[in-house]
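Q: need a structure here:
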Amino acid sequence: MKRIAVYPGSFDPVTNGHIDIIRRSSRTFDKVYVAVLVNSSKKPLFSIEQRMEWIRKVTQGLDNVEVDTFSGLLVDYMREKGAGIIIKGLRAVSDFEYEFQMALMNHKLSKDIETLFMMTSAKYQYLSSSIVKEVARHGGCLDGLVPDEMKEEILKKAQQVLNPDVK
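A: Below you'll find the predicted structure:
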């Protein structure tokens with residue numbers, strides 16, 4: 001029986017912390033879907049296509065990782081993919097409370113789906129997509145936060161969108 005997992009998120013943008021979880025998950029499971037969520041209640045900085053392209057680029061060598069997108073209930077997507085495990089990265093205790101509630105709800109909706117919490121590596125505990133966007137908005141250094149090939153694009157887009165008066 002194949003062990004299939006889904007790592008869901010907005011990945012707006014994907015960070016080195018996300019990539020760490022993806023790589024570690026790829027060593028643990030036979031198949032990992034990195035599922036970029038279409039969330040109508042959020043206004044992402046980057047398009048679904050851009051986020052998926054970046055994730056595909058940084059996971060190229062991981063043959064058991066597939067990048068996909070979904071909207072609606074995660075448990076429905078999981079059933080569609082034949083997956084039984086949801087992967088959630090935790091940076092701090094503050095992440096746990098919300099993620100634990102989500103895990104309980106997903107388990108209520110589908111008893112055969114479990115959530116695996118992975119602690120992020122210590123060097124990424126402070127890192128989030130929101131922090132990356134805020135640093136980029138102010139033209140800060142993104143070294144070590146996101147893959148090198150994404151830095152310029154993130155800086156440019158963040159400054160254009162978040163500071164429309166800046167050319």
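Q: So, low pLDDT: which residues of this structure?
A: Residue ranges of the chain with pLDDT under 70: 162-167.
Q: and residue 134, how many residues sit next to it?
A: 13 (other Cβ atoms under 10 Å). Bear in mind the C-beta positions are built from the backbone N, C-alpha and C, glycine included.
Q: Give me the contacts around stretch 24-31.
A: Stretch 24-31 is contacted by residues 2-5, 7, 32, 59, 62, 64-66, 83, 85, 87, 118 when judged by Cβ atoms under 8 Å, 6 or more residues apart in numbering.
Q: May I see the PyMOL selection of the buried members of those?
A: Only the buried entries of the contacts of stretch 24-31 go into this PyMOL selection, using 16 or more other Cβ atoms under 10 Å:
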select buried, resi 4+5+7+32+59+62+64+65+66+83+85+87
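Q: Need the max-distance pair from the contacts of stretch 24-31.
A: 2 and 118 (19.5 Å; Cβ to Cβ).
Q: How are the strands of this protein distributed by residue range?
A: 4-9, 31-37, 65-70, 85-90, 114-119 (DSSP state E).
Q: which one of those is the most hemmed in?
A: Of all the strands of the chain, strand 31-37 has the most neighbours on average by mean count of other Cβ atoms under 10 Å, namely a mean of 24.
Q: Pull up the pairing partners for that one, direction included.
A: Applying DSSP bridges, strand 31-37 is found paired with strand 4-9 (parallel), strand 65-70 (parallel).
Q: ok now stretch 80-94, how far from the chain's centre?
A: Here stretch 80-94 is found 10 Å from its chain centre; the criterion is Cα atoms, centre = their mean, to the nearest Å.
Q: Make a markdown table out of the strands of the chain and add distance to residue 43.
A: Formatted as a markdown table, the strands of the chain follow (distance: least, Cβ to Cβ, whole Å):
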| stretch | distance to residue 43 |
| --- | --- |
| strand 4-9 | 16 |
| strand 31-37 | 13 |
| strand 65-70 | 17 |
| strand 85-90 | 23 |
| strand 114-119 | 27 |
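Q: Which among those is found nearest to residue 46?
A: Taking those one by one with Cβ to Cβ, strand 31-37 is closest: 10.0 Å.
Q: Distance from the chain centre to that closest one, please.
A: A distance of 8 Å separates the C-alpha centroid of strand 31-37 from that of its chain, computed with Cα atoms, centre = their mean.
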